[in-house]
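Trainee: build me a structure from this.
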Amino acid sequence: MPQKRPTIERLFSYQLPTNRSSYMYELFKFAHLAAAIVWMGGMALMIWAIRPVAVAQLEPVQRLPLLAAILSRFFKMVGLCVLILLATGGLMLMGVDMRLAPKGWHAMLGVGVLMCLIFGHLYFGPFRKLKLTLANEDLPGAGAQLTKIHRLVLINFGLSWLAVGAVVIWR
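Mentor: Just a heads-up that it's a prediction; the model follows:
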C-alpha cells in the first residue's frame, strides 16, 4: 500500500482529543510542561541574570540577604513545580506499559527523579544552612552556602536539558 505524501493541512492540523482520558492526558502533559518551563526558566534567570548582576553591583552585606530572599521565593515555586512534575508524570505513565515506552521516557524519568533529589538536598542542606548563617551574621559562611547552591543549580540546569533532549530526541 503506497504511503500518502504529507500535505500542508496534515502536517499542521491538530485534532482535539475525542475521549475523556485523552483530554485528561493532554491536561496532565500541559501542567507537566508548564512546571518544567517555570523551573528551567527560573534556573536560567538565576544563573545568567540575577546572580551575575548581584555579584557585580552589590557588596556581600547587601548581596547575600538579597539572594537568600530571592531563592526563598523561587524555591517555594520549585517545590510546587516538583510536586506537579511528579504527580503529572506519574499519572501519564500509569496508562503506559513501560516495557513499550520510548527509551527517552525512561531517561527523562530517571533524570527527573535525580533532579528532584538534588533539589531536596539543596533545599534541606545548603539553603537551610544559608538561612542559619545569615541569621548569625556569618557572611563568609553564607557565601560558602551560596556557592554550593550555585553548583547544584548548575547541575540541575544541565540535567534538565538532558531530560528534555532525551524525551524529544530518543524515541
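
Trainee: pLDDT of the host helix or strand of L132, averaged?
Mentor: Secondary structure assignment for L132, by DSSP states H and E: helix 128-135. The pLDDT scores in helix 128-135 average 98.

Trainee: and what of stretch 70-90?
Mentor: Here the average pLDDT along stretch 70-90 is 97.

Trainee: just give me the residue closest to the centre of this protein.
Mentor: In the chain, the C-alpha nearest the mean C-alpha coordinate belongs to W39, at 3.8 Å (Cα atoms, centre = their mean).

Trainee: spatially nearest residue to that residue (excluding sequence neighbours)?
Mentor: The shortest distance from W39 to any residue other than its chain neighbours is 4.5 Å, reached at C81 (Cβ to Cβ, 6 or more residues apart in numbering). C-beta coordinates here come from the backbone N, C-alpha and C atoms, glycine included.

Trainee: how about that neighbour, secondary structure?
Mentor: helix (DSSP: H, G, I helix; E, B strand; the rest coil).

Trainee: could you list the low-confidence segments of the protein?
Mentor: For the chain, the stretches with pLDDT under 70 are 1-20.

Trainee: can we see that at 50?
Mentor: Confidence mapping of the chain against pLDDT under 50 gives the ranges 11-12, 14, 16.

Trainee: would you list every one of the helices in it?
Mentor: Using DSSP state H, the helices of the chain run over residues 8-11, 20-45, 51-57, 60-94, 103-122, 128-135, 139-169.

Trainee: any buried residues in the longest one, and which?
Mentor: In this case it means helix 60-94. 63-64, 67-68, 70-71, 74-75, 78, 81-82, 84-85, 88-89, 91-92 (16 or more other Cβ atoms under 10 Å).

Trainee: before we move on, the earlier item: does the residue nearest to the centre of the chain touch L80 like I think?
Mentor: No - using Cβ atoms under 8 Å, W39 is not in contact with L80; the gap is 9.5 Å.

Trainee: so L100 versus I70, what's the distance?
Mentor: Using Cβ to Cβ, to the nearest Å, L100 is found at 43 Å from I70.

Trainee: now swap in I47 and tell me
Mentor: Using Cβ to Cβ, I47 is found at 12 Å from I70.

Trainee: one more: Q62?
Mentor: For Q62 relative to I70 (Cβ to Cβ), the value is 13 Å.

Trainee: repeat for L58
Mentor: Distance from L58 to I70, by Cβ to Cβ: 12 Å.

Trainee: what of V61?
Mentor: 16 Å.

Trainee: same question, Q145
Mentor: 14 Å.
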